[in-house]
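*Asks:* okay, predicted coordinates and the sequence, questions at the end:
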Amino acid sequence: MAELVNIQSSNVSNPLKGEVRVPGDKSISHRSIIFGSIAKGVTKVSGFLNGEDCLATARAFRDMGVKITETGSNQLEIDGVGMHGLRAPEQTMDIGNSGTSIRLLSGILAGQEFSSSLSGDVSLNKRPMNRIINPLRLMGADISGTDKNTAPLAINASTKLTGIDYQLPMASAQVKSAVLLAGMYASGTTSVTEPAVTRDHTERMLVSFGYDIQTVDNRFALEGGGRLQATSIDVPADISSAAFLMVAASIVPGSDILLEHVGVNPTRTGVIDILKLMGADITLENSRMVGAEPVADIRVKSAPLQGIDIPPALVPLAIDEFPVIFVAASCAKGQTRLTEAAELRVKESDRLQVMSDGLNACGIESQTTPDGIVIEGGKFSGGQVNSCHDHRIAMAFAVAGLQTDNVITIEDCANVTTSFPGFVELANQLGFALELSSS
Ligand code: S3P
């Protein structure tokens, strides 16, 4: 894609129809590279997400001497170097837009006998890193960021990490994972207690790679000094990408689509629960386990939506899907209120503010609060919005365009490849009317 890509999205007269498989899960793809790289033996990955974020993780491990080979379409083989086989990278590792890469990698790097540094793009280098710097320092890591506690991060060679019992101050799977990954390199036990359920892919994958982890309620504990044994990983389709199409099919009358092989891990299905509370017609078919992760085909038919108060307990379970949930709320009858979602302000953009600005620019009334948003359902008038380099903002407004009588132009969409390469083509295959232009 060209540097500055715009998407024009307009109303479609026909219902959305078809059966599609969206690209692989971003969280699981990152973790397959991380665990595969420090395991013993060859890990085979299928369904890998060839999105910019996961490619950044792969690049970082290649920089540290790991051989990662593309063996087919979305298939990789990772020649694991073992827990202590990583080599010092020659320069600062640039991991682009990816919060998951920088936070999980910091956990691994904190335990290495070499120094390293990590940096990202303009958006990533503004995001808070004190959330990982603090616990890693408590473990004895020598890690520092800028005076604003942002990246670039410098991590000096570790003498010895010590296990800690860490009470997570916020519901964040990235921070939980960073501490647990560092815990594998620490002496004694490392435990993390989370304030609310967050995605558990790290815990599941540790088990797949043969590393013992104890889970009691919301506390996860592991012993340092263990090892990982290579395995095979089939990455399911990403529910976060599927969410755009769930909302699209819900709001275009007469639609009926099937989203195949989607990961439906219960720590990720908040979007389905929220849309169902709004009246969406969503059913899971052919539910099955694929490796350690539950998977299903998801059928979505159009249905009238109504506004709701989003239950706070569902917020961490739908944390990445709010941009498109806000679009569903805009098409619903009545008001939707979200609270206890301040974490949305520190994602790839401030997703409360950027979404609210975009909705208002397209004729929908919305008002942010410190930790949420209130949206009045209505009709999109068309308009121009800026994605602020945020892939999920861009795709959310592409869905909004389905409900306008005019055109919504979304500026600065190159970052869609972060999580959903081929989005425009796949959406158009289902019946969207998206056009690309560059400026
Ligand atoms: C992720 C965790 C979430 C999510 C991100 C991926 C992960 O971030 O927003 O896209 O793979 O662990 P937080 O843990 O910061 O909420």
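*Replies:* Alright, I've got the coordinates.
*Asks:* please enumerate the helices of this protein.
*Replies:* 26-38, 52-63, 99-109, 130-138, 173-183, 201-208, 239-251, 270-277, 322-330, 351-361, 391-400, 423-430 (DSSP state H).
*Asks:* export those as TSV, with columns for mean neighbour count.
*Replies:* (Glycine included, C-beta is placed from N, CA and C.) Output for the helices of the chain, formatted as TSV (neighbours: other Cβ atoms under 10 Å):
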stretch	mean neighbour count
helix 26-38	27
helix 52-63	22
helix 99-109	26
helix 130-138	20
helix 173-183	27
helix 201-208	21
helix 239-251	27
helix 270-277	22
helix 322-330	28
helix 351-361	22
helix 391-400	29
helix 423-430	18
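*Asks:* let's have the ones you listed in a markdown table, adding distance to the ligand and mean pLDDT.
*Replies:* Formatted as a markdown table, the helices of the chain follow (distance: least, Cβ to the nearest ligand atom, whole Å; pLDDT from 0 to 100):
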| stretch | distance to the ligand | mean pLDDT |
| --- | --- | --- |
| helix 26-38 | 3 | 98 |
| helix 52-63 | 8 | 97 |
| helix 99-109 | 4 | 98 |
| helix 130-138 | 8 | 98 |
| helix 173-183 | 4 | 98 |
| helix 201-208 | 7 | 98 |
| helix 239-251 | 7 | 98 |
| helix 270-277 | 12 | 98 |
| helix 322-330 | 10 | 98 |
| helix 351-361 | 10 | 98 |
| helix 391-400 | 9 | 97 |
| helix 423-430 | 16 | 96 |
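*Asks:* which among the ones you listed is found nearest to Asn156?
*Replies:* Of all the helices of the chain, it is helix 99-109 that lies closest to Asn156, at 9.7 Å by Cβ to Cβ.
*Asks:* one step back: which among the helices of the chain is found nearest to Leu314?
*Replies:* In terms of Cβ to Cβ, the element of those nearest to Leu314 is helix 270-277, at 4.2 Å.
*Asks:* and the angle from the closest one to helix 322-330?
*Replies:* If you take axes from the mean of the first three to the mean of the last three Cα atoms, to 10 degrees, helix 270-277 sits at 0 degrees to helix 322-330.
*Asks:* report the distance from helix 270-277 to the chain centre.
*Replies:* Relative to its chain's centre, helix 270-277 lies at 18 Å (Cα atoms, centre = their mean, to the nearest Å).
*Asks:* may I have it exported as PDB, CA atoms only?
*Replies:* Taking Å, rounded to 0.1, in the frame of the first residue of the first chain, the C-alpha atoms of helix 270-277 are listed here in PDB:
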ATOM      1  CA  GLY A 270     -17.000  -9.900  25.000                       C
ATOM      2  CA  VAL A 271     -17.800  -8.400  21.600                       C
ATOM      3  CA  ILE A 272     -20.300 -11.300  20.900                       C
ATOM      4  CA  ASP A 273     -21.900 -10.800  24.300                       C
ATOM      5  CA  ILE A 274     -22.200  -7.000  23.800                       C
ATOM      6  CA  LEU A 275     -23.700  -7.300  20.300                       C
ATOM      7  CA  LYS A 276     -26.100  -9.900  21.500                       C
ATOM      8  CA  LEU A 277     -27.200  -7.700  24.300                       C
END
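*Asks:* which other helices and strands contact it?
*Replies:* helix 239-251, strand 281-290, helix 322-330 (3 or more Cβ pairs under 8 Å, 6 or more residues apart in numbering; DSSP states H and E).
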